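K.L.:
Just a sequence and a predicted model for now, questions to come.
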Amino acid sequence: MKTAAALVLLLGAGTAHAQTSVAFYGLVDAAIVVEDGGTAGRVTKVTSGAAAASRFGLRGVEELGDGMAAYFTLEGGTKIDTGEIDAAGTIFNRQAFVGLRTKLGSVALGRQYTPYHTAMVSIVDPFNTGYAGSAKSLFPHNGTNIRTSNTITYATPKKNGFDGELAYSVGEQSRSAAGRQFGGAIGYAAGPLAVRLVYNNKNTDVAATGTTPAVDRSIGRNILLAASYNAGWIKLHSGISSDKGDNAAPLINPNNPYGGVRPTPSTDGRSYLLGISAPVMGGTLLASVLHKDDRTRFNQDANAWGIGYLYALSKRTGLYAAYGHVDNRNGAGYTVANNTESGSGDTAYNLGVRHSF
């Protein structure tokens with residue numbers, strides 16, 4: 001009780017200062033998910049975060065004067081279907097950073113989203129990388145392409161529609177380059193148009209430990225061109241990702257979901273997306289088509305498409321339904337993913353509800 005009272009007093013003290021604010025926020029999302037087409041057969045389950053990962057968090061800002069402010073975010077994920085933390089051994093696994101914002105830009109340190117992820121969610125994918133039909137099925141939007149730990153970021157102020165960002169993640173291994181990742185983006189957004197060019201570079205070498213020798217791999221590189229145009233009655237989405245090198249495009253489900261010869265992750269490929277989002281009958285219609293062009297000798301191409309419908313019951317609560325399908329070629333192993341799951345087959349359906357607070 002003493003701890004709870006102290007917390008209340010602390011939050012009260014923070015909110016009493018006119019230039020300081022701390023907010024508790026979150027999102028709860030659950031869906032009935034049906035997956036089919038893999039060796040597991042038809043799987044029906046209740047899933048947490050099919051549309052957007054269920055989460056809770058604290059964010060705050062303190063105005064320091066002369067255009068400077070301190071800010072922080074602590075955000076953890078949870079599983080609505082079981083009540084567990086979504087990553088064992090962690091609390092704020094989704095985001096955990098502190099930073100300073102000035103007239104010259106913002107600098108933050110901690111666990112943060114990558115520039116690649118930001119462009120995928122905000123511009124490229126009409127599904128916002130969630131639901132069956134997500135761009136995650138074919139684009140390399142997983143692992144450290146989404147968020148990285150031990151990261152330093154810098155974001156420029158926005159001027160005349162233009163802005164930029166840089167991110168550097170320290171590998172913290174005995175070999176200075178092993179495990180490090182860096183990237184950046186430049187973009188323009190004004191009126192109905194948004195365009196962004198993103199670069200991502202990661203070193204997945206592993207330093208030697210004891211008698212275990214070091215592992216050397218080629219650098220993984222992603223170059224993403226993202227664009228969207230909002231015409232009012234319809235919004236157009238597009239993206240092209242060029243992915244080359246080891247671990248540039250890992251399979252979202254690496255566990256050989258179709259059996260037979262294990263698929264090979266592409267080390268030289270292109271991913272393409274065209275999509276729309278449009279207001280229809282009081283809700284929002286989502287649709288996209290995708291193509292994976294594997295340029296290695298395996299030629300493991302794939303096509304995918306998705307369709308979904310979102311209906312808002314209020315500003316905070318909504319219902320959704322979505323369908324996604326992947327057509328694999330030459331032994332490719334792509335699966336229909338949603339926001340939190342990698343998928344177990346080439347077809348999936350979602351029917352769910354989400355609430356934010």
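P.N.:
Good, I have the coordinates.
K.L.:
Ile80 belongs to a strand?
P.N.:
No: using DSSP: H, G, I helix; E, B strand; the rest coil, the assignment for Ile80 is coil, not a strand.
K.L.:
how far away is it from Tyr320?
P.N.:
Distance, Ile80 to Tyr320, using Cβ to Cβ, to the nearest Å: 15 Å. Quick note: C-beta positions are derived from backbone N, CA and C, even for glycine.
K.L.:
Those two - which one has more neighbours?
P.N.:
Between Ile80 and Tyr320, Tyr320 has the larger neighbour count (other Cβ atoms under 10 Å), namely 25 against 19.
K.L.:
List the contacts of the one helix or strand that one maps to.
P.N.:
Assigned by DSSP states H and E, Tyr320 belongs to strand 317-328. Strand 317-328 is contacted from outside by 31, 50-51, 127, 131-134, 137-138, 258, 286, 300, 302-313, 334-336, 338, 346-356, using Cβ atoms under 8 Å, 6 or more residues apart in numbering.
K.L.:
partners of that strand in the sheet?
P.N.:
When pairs are called by DSSP bridges, strand 317-328 turns out to pair with strand 302-312 (antiparallel), strand 347-356 (antiparallel).
K.L.:
For this protein, give me the ranges with low pLDDT.
P.N.:
For the chain, the stretches with pLDDT under 70 are 1-18.
K.L.:
pull the longest strand from it.
P.N.:
As assigned by DSSP state E, the longest strand anywhere in the chain is strand 20-36.
K.L.:
Please name the bridge partners of Gly110.
P.N.:
Phe97, Thr151.
K.L.:
so what's it up against?
P.N.:
Gln95, Ala96, Phe97, Val98, Ser149, Thr151.
K.L.:
Now name the helix or strand holding Ala69.
P.N.:
Using DSSP H and E, Ala69 sits in strand 68-77.
K.L.:
what does that strand contact?
P.N.:
Contacts for strand 68-77 (Cβ under 8 Å, 6+ apart): 49, 53-64, 85-87, 90-103, 106, 108.
K.L.:
number of nearby residues for the closest residue to Ala231 other than its chain neighbours?
P.N.:
Leaving aside its sequence neighbours, Ala231 sits nearest to Pro192 (Cβ to Cβ, 6 or more residues apart in numbering; 6.4 Å). Per other Cβ under 10 Å, the neighbour tally for Pro192 reads 12.
K.L.:
and if you look at Ser238?
P.N.:
17.
K.L.:
right, and it touches Val195 too?
P.N.:
No: counting by Cβ atoms under 8 Å, Val195 is not a contact partner of Ser238; they are 9.9 Å apart.
K.L.:
Which residues are in contact with each of the two?
P.N.:
In contact with both Ser238 and Val195: Ala226, Ala227, using Cβ under 8 Å, 6+ apart.
K.L.:
Show me where the stretch 51-200 of the chain has its strands.
P.N.:
Counting by DSSP state E, counting those that start in this stretch, the stretch 51-200 of the chain has strands at residues 55-65, 68-77, 95-102, 105-113, 147-155, 162-169, 181-190, 193-202.
K.L.:
ok, so what distance separates the nearest residue to Asn150 once chain neighbours are set aside from Leu27?
P.N.:
Leaving aside its sequence neighbours, Asn150 sits nearest to Val170 (Cβ to Cβ, 6+ apart; 4.6 Å). For Val170, the distance to Leu27 equals 30 Å [Cβ to Cβ].
K.L.:
neighbour-wise, which of those two wins?
P.N.:
Neighbour totals were compared for Val170 and Leu27, and Leu27 leads with 20 against 15 (other Cβ under 10 Å).
K.L.:
what bridges to the more buried one?
P.N.:
Arg55, Ser356.
K.L.:
so who does it touch?
P.N.:
Leu27 sits in contact with Ala52, Ala53, Ser54, Arg55, Arg354, His355, Ser356, Phe357, where contact means Cβ under 8 Å, 6+ apart.
K.L.:
so Gly308 sits right up against Phe127, yeah?
P.N.:
Yes: contact criterion Cβ under 8 Å: Gly308 and Phe127 qualify, at 6.3 Å.
K.L.:
overlap in contacts of the two?
P.N.:
With Cβ under 8 Å, 6+ apart as the test, Gly308 and Phe127 both reach Gly133, Leu286, Ala322.
K.L.:
Please give me every residue in contact with the first one.
P.N.:
By that I understand Gly133. Counting by Cβ under 8 Å, 6+ apart, Gly133 makes contact with 127, 286-288, 304-308, 322-324, 336.
K.L.:
follow-up on the earlier one: pull out the buried residues from the contacts of strand 317-328.
P.N.:
31, 50-51, 127, 131-134, 137-138, 258, 286, 300, 302-310, 334-336, 338, 346-350, 352, 354 (16 or more other Cβ atoms under 10 Å).
K.L.:
picking up where we left off before, give me the buried entries from the contacts of Gly110.
P.N.:
If we count by 16+ other Cβ under 10 Å, these have these buried: Gln95, Ala96, Phe97, Thr151.
K.L.:
that older thread, nearest to Ala185 among the contacts of Gly133?
P.N.:
Phe127 (20.6 Å; Cβ to Cβ).
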